[in-house]
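Enquirer: how does the following fold in three dimensions:
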Amino acid sequence: MQVAIAPPPIPVGKIKSFGPFGPKYEVGQALRQLDDGDWMIEITMIETAEKAEYRWTHLNDDPEAN
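Expert: Numbering: from 1, shown residues only. Purely as a prediction, here's the structure:
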C-alpha cells in the first residue's frame with residue numbers, strides 16, 4: 001500500500017537563480033517524491049523556456065532572482 005504524502009509548500013511562479021550569479025528559472029509544480037524523501041520540482045529556464053526537473057532541497061537553497 002502506497003501512502004500519499006503532500007508535497008512541501010512550493011513557491012510556484014517565483015523566479016529564482018542557481019546561486020547568486022546563475023541563470024534564472026521559474027518554479028513550477030511538484031512532480032514526485034523521491035526515495036530519500038526529497039521532491040522533484042518542475043522548473044522553467046527563463047532565457048530558453050526549457051523545462052527541467054530540480055530537487056526541492058536545492059531549490060530551497062537558491063536565492064530569489066532580482
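Enquirer: what's near enough to touch E64?
Expert: When contacts are counted by C-beta atoms under 8 Å, 6 or more residues apart in numbering, E64 touches K14, I15, K16, S17. Yep, even glycine has a C-beta here, placed from its N, CA and C like the rest.
Enquirer: quick check: beta-bridge partners of it?
Expert: K16 (DSSP bridges).
Enquirer: need the pLDDT of P9.
Expert: Listed pLDDT for P9 reads 89.
Enquirer: right, I mislabeled it, should have said A4
Expert: Each residue has a pLDDT score; the one for A4 is 61.
Enquirer: distance of the residue nearest the centre of the chain from P8?
Expert: Centroid-nearest residue in the chain: I41, 4.0 Å away (criterion: C-alpha atoms, centre = their mean). For I41, the distance to P8 equals 9 Å [C-beta to C-beta, to the nearest Å].
Enquirer: so what sits against both of those two?
Expert: Here I41 and P8 have A30, W56 as joint contacts, going by C-beta under 8 Å, 6+ apart.
Enquirer: and for the worst-scoring helix or strand of the chain on mean pLDDT, what's in contact with it?
Expert: Least confident helix or strand, the chain: helix 56-61 with a mean of 94, by mean pLDDT, DSSP states H and E. With contacts defined as C-beta under 8 Å, 6+ apart, helix 56-61 is touched by P7, P8, I10, K16, V27, A30, D38, W39, M40, I41, I43.
Enquirer: which non-adjacent residue is nearest I46?
Expert: K24 (4.2 Å; C-beta to C-beta, 6 or more residues apart in numbering).
Enquirer: what count of nearby residues applies to the one you found?
Expert: 17 (other C-beta atoms under 10 Å).
Enquirer: now the one 4 residues further on
Expert: Neighbours of G28 under the rule other C-beta under 10 Å: 17.
Enquirer: Provide the secondary structure category for it.
Expert: Using DSSP: H, G, I helix; E, B strand; the rest coil, the secondary structure recorded for G28 is strand.
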